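[1] how would this look folded up:
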Amino acid sequence: MTIGEQIGQVIISGLTMGSIYAIIGIGLAVTYNVTRIFNFCQGEFVMIGGMLSASFYSLGLSLPLSIGLAIGITAIIGAAIWLLFLNRPFARHSSLVTLILITVALSIVVSGGVYIGWGTPFRELPSFANISPIRLGEMIIDPQVPWIWGGLLALVVGLTFLFDHTLLGKGLRACSEQPIGARLTGINPRSMAFFSFILASLTGSIAGVLVIPLTMTSFGVGLGYSIKGLLAAMVGGITKIHGVIVGGMILGLVESLAGGFISSTYMDAAGLAVLIILLLYRPEGILRN
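    Residues are numbered from 1 along each chain as shown. Next up, the predicted model:
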């Protein structure tokens, strides 16, 4: 493999993982912009989506049905987390720091519950496309990779339509941009927060079912995904979807380049280094106004 092909392979890998980070970051951005809470359960939604889809498929259900059930159940879990823990009287009068710590505690509880229910083995799904790996010279593209890229594109198109052309989306935007004005016009911020958690769990589970054929999943991967999604959102600008996408791609490429040309040991450190540098010189994010 030539140096150009090596670079191309690293870029493909970086864009693939960057797409996953972007999807996770979009879910974090949706809940943050409406509630101002950094939801550390977001990575658990990714993990649950992957684990449920693999479990349903192992029971003999078809792949599309397994994926659909996993996404639907994860959305219900996201709604329950808001209703049972973050919309209670004790939570309404708590500080944002306390609410964030509640999501951290919930992520630990969810991870522990999955450990009790499923154990430690990694679960997997077959690729959505039952074809051989795609070859471009010496470069190899896993057949799941186009599905990941396409999933990100479809999610962005869907969310753009939601926010621009539906009453629910306009309500979410109003609570994000002008929360006081939204209240004055009769929009219930807590109802919008409820829907934001449903959207976040949907996006997380989509990321989970997209990535599991490529990397497999287990009970302990959730926190790492939450951190990567948060890094993507902070690097690009958490108030803008396209900023989160740019942040995810930067993070994925930096990690892939570090892993491909230095050592996989330094992948996480490289991502954190990028965050520190950008927070020093552009604390509001690359594309945030």
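[2] where is the longest helix in the protein?
    Ranked by residue count and defined by DSSP state H, the top helix of the chain is helix 3-35.
[3] check which helices and strands whichever helix or strand comes after that one is in contact with.
    Taking DSSP states H and E as the definition, the helix or strand that follows helix 3-35 towards the C-terminus is helix 42-58. Using 3 or more Cβ pairs under 8 Å, 6 or more residues apart in numbering; DSSP states H and E as the contact criterion, the neighbours of helix 42-58 among helices and strands are helix 3-35, helix 63-81, helix 96-118, helix 189-215, helix 222-236. From N, CA and C alone the C-beta is placed, and that goes for glycine too.
[4] list the buried residues for the longest helix of the chain?
    Of the residues in helix 3-35, 8-35 count as buried by neighbour count, 16 or more other Cβ atoms under 10 Å.
[5] what does stretch 193-200 give?
    Residues of stretch 193-200 classed as buried by neighbour count (16+ other Cβ under 10 Å): 193-200.
[6] tell me the SS of Arg173?
    Per DSSP: H, G, I helix; E, B strand; the rest coil, the secondary structure class of Arg173 is helix.
[7] how about the contacts made by it?
    Phe163 (Cβ atoms under 8 Å, 6 or more residues apart in numbering).
[8] how far away is it from Phe56?
    34 Å (Cβ to Cβ, to the nearest Å).
[9] and if you look at Pro143?
    Applying Cβ to Cβ to Pro143 and Phe56 gives a distance of 21 Å.
[10] again, but for Ile227
    As it turns out, when the distance is counted by Cβ to Cβ, Ile227 lies 28 Å from Phe56.
[11] still on that earlier bit, out of Pro143 and Phe56, which sits in the busier spot?
    Each of Pro143 and Phe56 had its neighbours counted (other Cβ atoms under 10 Å), and the higher figure belongs to Phe56 (20 against 17).
[12] please tell me how far the residue nearest to that one when sequence neighbours are not counted sits from Ile20.
    The shortest distance from Phe56 to any non-neighbouring residue, by Cβ to Cβ, 6 or more residues apart in numbering, is to Ser66 (3.7 Å). Noted for Ser66: a distance of 19 Å to Ile20, by Cβ to Cβ.
[13] and if you look at Gly222?
    Look at Gly222 and Ile20: by Cβ to Cβ, they are 13 Å apart.
[14] kindly report the same for Val34.
    Counting by Cβ to Cβ, the separation of Val34 from Ile20 is 23 Å.
[15] go on, His165?
    If you go by Cβ to Cβ, the gap between His165 and Ile20 works out to 27 Å.
[16] cool, Arg36 as well?
    Spatial separation of Arg36 from Ile20 under the definition Cβ to Cβ is 25 Å.
[17] repeat for Pro64
    Using Cβ to Cβ, one gets 20 Å for the distance from Pro64 to Ile20.
[18] dump the residue contacts of the residue nearest to Phe56.
    Listed by Cβ under 8 Å, 6+ apart, the contact set of Ser66 reads 52-54, 56-57, 125.
[19] of those residues - the most surrounded one?
    If you rank these by neighbour count (other Cβ under 10 Å), Ser53 sits at the top with 30 neighbours.
[20] so that one makes contact with Ile73?
    No: when contacts are counted by Cβ atoms under 8 Å, Ser53 is not listed as touching Ile73 (9.8 Å).
[21] burial count for Gly204?
    The number of residues packed around Gly204, counting by other Cβ under 10 Å, is 34.
[22] nearest residue to it other than its sequence neighbours?
    Nearest-residue entry for Gly204: Phe45, 2.8 Å, with adjacent residues in sequence omitted and distances by Cβ to Cβ, 6+ apart.
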